[in-house]
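In: What follows is a predicted structure for the sequence shown.
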Amino acid sequence: MQIKENIEALEKEYQEKLKNIKDLKQLQDIKTELLGKKGKITSLFKLLKEVPPEKKKEVGALINSVKAKFEDILKEFEKQLTEKELEEKLKKSKIDITLPGAWVSPGAPHPVTATLRYISDIFVSMGFKIEEGPEVELEEYNFDMLNIPKDHPAREMQDTFFINKKGYVLRTHTSPVQIRAMLKQKPPLAVIAPGKVYRKDLDPTHSPMFHQIEGLVVDENITFRDLKGILKIFLESVFGKNIPIRFRPSYFPFTEPSAEVDIGCTVCKGKGCRVCKNTGWLEILGCGMVDPNVFEAVGIDTEKYTGFAFGLGIERITMLKYQIPDIRLLFSNDMRFNLQFKGI
Ligand code: PHE
């Protein structure tokens, strides 16, 4: 019978072809040639029509078995060729697992950021909440409501950056956040406000942008003793238990009485040196009892409540803590400087 011979010839031809096969691409071609829509085995089924009815069953079974046989063979070839190709690929791409990996710098917080977080943590642990305010601030909050009238010399003293939007300035201190906090929340309140401030100033100890932390506590019966106590705890945790502390009378429009706080010079231990200008003391912060005029501006009852406020410069503390001689180093973005503070 013709069809039987065809099948045998086909089997022989392709057994031979498969012997010389080299890659998966060739295998795929053979698969299409045999089993594709127009493939040779597929078209055998069409010939069935011409087979006499009594032989149909036998021939049909024969074609099916050839089909199954080739499917198995091709599958086996595919498996072997896939393995072979993978092996060759691995042989070619040699990976040297002893080579050191590419170094990626994990980065580190800037020393000012590190100090700011460190100081904030000390106050947060005493129950203070963190408050924020904008750097472009209302002149009214930055000056007027803090008892600094229009013609007050303090406005010049602080060398303000005015911006071309009427009524706004780059805040010259974090004190306007005191106003914001008191407008937002009735006493009792204990907040700190860390952030950037701006003044026209540039020399080894002054930068036109620097950071402050403001503190404000308002409640019934708050006294200067509370202020001293809180600041003592704070200064001792930054500079050590035995740090000498001195309160010196001073003046700020928004506090009355006001004081500046000095610590014993950390460089010469009080003997006198260049850093402390031979005084043995370093000025570290400004503070005082909230002036009743400020309470009146925000509508807090001055008969019932008293409070204290303080403000300190982060850069100054950072420079003392790490003995950095020039504030401009902090903002030069020189990685040789910055990387020295990794892990502090
Ligand atoms: N705002 C003051 C300054 O910039 C510091 C200060 C804050 C003083 C709060 C007293 C009370 O120097």
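Out: Yep, it's here. Numbering: from 1, shown residues only.

In: Mind listing residues that contact stretch 200-208?
Out: Contacts to stretch 200-208, defined as CB atoms under 8 Å, 6 or more residues apart in numbering, come from residues 159-161, 198-199, 315-316, 319, 325-328, 330-331. Placement of C-beta: from N, CA and C, glycine included.

In: In that stretch, which residues are buried?
Out: residue 207 (16 or more other CB atoms under 10 Å).

In: Can I get it in PDB, CA atoms only?
Out: This file holds the C-alpha atoms of stretch 200-208, laid out as PDB (Å, rounded to 0.1, in the frame of the first residue of the first chain):
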ATOM      1  CA  LYS A 200      22.700  88.600  55.900                       C
ATOM      2  CA  ASP A 201      26.000  87.400  57.400                       C
ATOM      3  CA  LEU A 202      29.100  85.600  56.200                       C
ATOM      4  CA  ASP A 203      32.400  85.000  58.000                       C
ATOM      5  CA  PRO A 204      34.100  82.100  59.800                       C
ATOM      6  CA  THR A 205      31.400  81.900  62.400                       C
ATOM      7  CA  HIS A 206      28.300  83.100  60.400                       C
ATOM      8  CA  SER A 207      26.500  81.700  57.400                       C
ATOM      9  CA  PRO A 208      23.600  83.400  55.600                       C
END
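
In: does any part of it sit near the ligand?
Out: No - counting by CB under 6 Å from any ligand atom, the ligand has no neighbours in stretch 200-208; the shortest distance is 12.0 Å.

In: Pull the distance from that stretch to the chain's centre.
Out: 28 Å (CA atoms, centre = their mean, to the nearest Å).

In: Then stretch 267-278?
Out: 38 Å.

In: how about the CA coordinates for it, as CSV?
Out: Extracted C-alpha coordinates of stretch 267-278, given in CSV (Å, rounded to 0.1, in the frame of the first residue of the first chain):
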residue,chain,number,x,y,z
VAL,A,267,38.5,73.9,74.1
CYS,A,268,40.6,75.4,77.0
LYS,A,269,38.4,74.2,79.9
GLY,A,270,38.0,77.8,81.1
LYS,A,271,41.7,78.9,81.0
GLY,A,272,41.2,81.3,78.1
CYS,A,273,42.0,80.7,74.4
ARG,A,274,41.3,81.9,70.9
VAL,A,275,37.9,80.2,70.6
CYS,A,276,36.5,81.8,73.8
LYS,A,277,38.4,85.1,73.1
ASN,A,278,40.2,84.6,76.4
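
In: Show me what that stretch is in contact with.
Out: Defining contact as CB under 8 Å, 6+ apart, one finds that stretch 267-278 is touched by 244, 264, 265, 279, 280, 281, 282, 323.

In: Which ones, among those, also lie beside the ligand?
Out: Within those, nothing lies near the ligand by CB under 6 Å from any ligand atom.

In: ok, so of the contacts of stretch 200-208, who is nearest the ligand?
Out: residue 199 (8.7 Å; CB to the nearest ligand atom).
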